[in-house]
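> what's the 3D shape of this:
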Amino acid sequence: MSDTTERVALPCPACSPDLETVHEVLKPGGGQATVRCTECDHVHKEQLPEEETEQKKVVVSQDGESFTEQADVPVDETLAVGEEFLLDTEQAIMSVRITSLELDGGRVDEAPAEDVRTIWSRAVGNVSVNATVHPKSGRHDETRAIELHVPGDYEFTVGATDSFGDEEFTVEGIYIRDDAHGYDFEKLDHDNDSAVAKDVKRLYVRDENTTAWSAW
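Below you'll find the model as predicted:
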């Protein structure tokens, strides 16, 4: 058995019909390949069309640092800020979101792939979310900042209480990132408004830890 297995990004009819997941190619085949979803192990057949690709530089931002990779991009595609794709790196396959596209003439939000020199992106599989924590006492001088490390799809909801280790808080406001889509407002502050972590620029929360703000 070969030590390396071809991996492709495909929708999975069993667990992810609308979004691509990582698949292992079990049998290439002539017309349709036999593939297995690495998320749920579902085996199915899919057409793997031959596409003309061109290697592009991808700069990935993650936790305040950045690194550069190369990705084979279909030349007939149009790329746009906010789109997500799977990037195969030496460490792992990462989910990243496009934050900017660099052409010869500068940066744009959308462009044909063949015109793009560099794809700027950020990792969204696991993300860091900044939160401003207000004390239950309401004293502004006791406001503090924390950083939460959560899966990109973790959902925060206004009015809901979350616990992370020693932190327990109720979400009061959610500021949305510029590269996120599907939200009507930049700030969500009504009960039951929600956003996934990879779309969140900052949380504003009320501390619910009864020991954190002792008068002593």
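> next, the contact list for the most centrally placed residue in the chain, please.
Geometric centre of the chain, nearest residue: Val124, 2.2 Å, by CA atoms, centre = their mean. By CB atoms under 8 Å, 6 or more residues apart in numbering, the contact set of Val124 is Glu84, Ser95, Val96, Arg97, Gly152, Lys198. From N, CA and C alone the C-beta is placed, and that goes for glycine too.
> swap the cut-off to 10 Å and go again
By CB atoms under 10 Å, 6 or more residues apart in numbering, Val124 lies in contact with 62, 84, 94-97, 151-153, 177, 179-180, 196-199.
> distance-wise, check it relative to His42.
24 Å (CB to CB, to the nearest Å).
> domains in this structure, as residue ranges please.
7-47, 53-123, 126-207 (automatic domain parsing).
> adding mean pLDDT and mean neighbour count, write those out as CSV.
Output for the domains of the chain, formatted as CSV (pLDDT from 0 to 100; neighbours: other CB atoms under 10 Å):
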stretch, mean pLDDT, mean neighbour count
domain 7-47, 89, 15
domain 53-123, 93, 15
domain 126-207, 93, 16
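> so Asp153: helix, strand or coil?
Going by DSSP: H, G, I helix; E, B strand; the rest coil, the secondary structure assigned to Asp153 is coil.
> and the residue nearest to it when sequence neighbours are not counted, backbone torsions?
Among residues not flanking Asp153 along the chain, Val196 sits closest, at 5.2 Å (CB to CB, 6 or more residues apart in numbering). Main-chain dihedrals, Val196, degrees, to the nearest 10: phi -80, psi 150.
> for Val8, same thing?
phi -140, psi 160.
> I figured it hits Val22, correct?
Yes - between Val8 and Val22 there is a contact at 7.8 Å, judged by CB atoms under 10 Å.
> which residues do the two both contact?
By CB under 10 Å, 6+ apart, the residues touching both Val8 and Val22 are Val35, Leu86, Asp88.
> verify the contact between the second one and Gly125 for me.
Yes - with contact defined as CB under 10 Å, Leu86 reaches Gly125; the gap is 9.3 Å.
> what touches both of those two?
Ile93, Met94, Ser95, Val96.
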